[in-house]
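Colleague: what would the 3D arrangement of this be:
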Amino acid sequence: MSGPYVIRGSVSLPEAELMWRFSRSSGPGGQHVNTSDSQVELRFDLAKTEALPPVWKERALAQLAGRLVDGVISVRASEHRSQWRNRETAAVRLASLLAEASAPPPKPRRATRIPRGINERRLREKKQRSDTKRGRTGRDWG
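Modeller: Numbers count the residues shown, from 1 in each chain. Sure thing, here's the model as predicted:
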């Protein structure tokens, strides 16, 4: 791999906790694809890891609950012909998935009032449009 995959800040994926599995890919390739194991499955035990801060870990476990199998998250990559590029793709995908899942929730929206001028202008424009359309009727032409 090209180096540590940073999740956010100084937190990165620990190489020792990554479990790799390789198999034959159904993706692009020629005759060589039938003999090479280019599909990559990367597994990371999110429930048992100590690499993430506890708050991030709780958030990620809650966000990814539907994707976890016994606390383990799995990512596959088979877009490229080379196993090396598929490994890179899978690791980057896992890091971005964990970064998104462990991100803090957005600040709640603070309710604000609509300024009176905006509402008055909207009603005035509606009235003008109504008058324009009313003027198009053929009642007074007869």
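Colleague: can you give me the strands in the protein?
Modeller: Using DSSP state E, the strands of the chain run over residues 6-8, 11-12, 18-23, 39-45, 72-77.
Colleague: just checking: what are the partner strands of the shortest one?
Modeller: Strand 11-12 has the following strand partners under DSSP bridges: strand 6-8 (antiparallel).
Colleague: same question for the fourth one.
Modeller: Strand 39-45 has the following sheet partners, assigned by DSSP bridges: strand 18-23 (antiparallel), strand 72-77 (antiparallel).
Colleague: just the buried residues of the last one, please?
Modeller: Okay, so that is strand 72-77. Judged by neighbour count (16 or more other Cβ atoms under 10 Å), strand 72-77 contains these buried residues: 73, 75-77. In this view, the C-beta of every residue, glycine as well, is placed from N, C-alpha and C.
Colleague: cool, and the first one?
Modeller: Of all the residues in strand 18-23, those buried under the rule 16+ other Cβ under 10 Å are residue 18.
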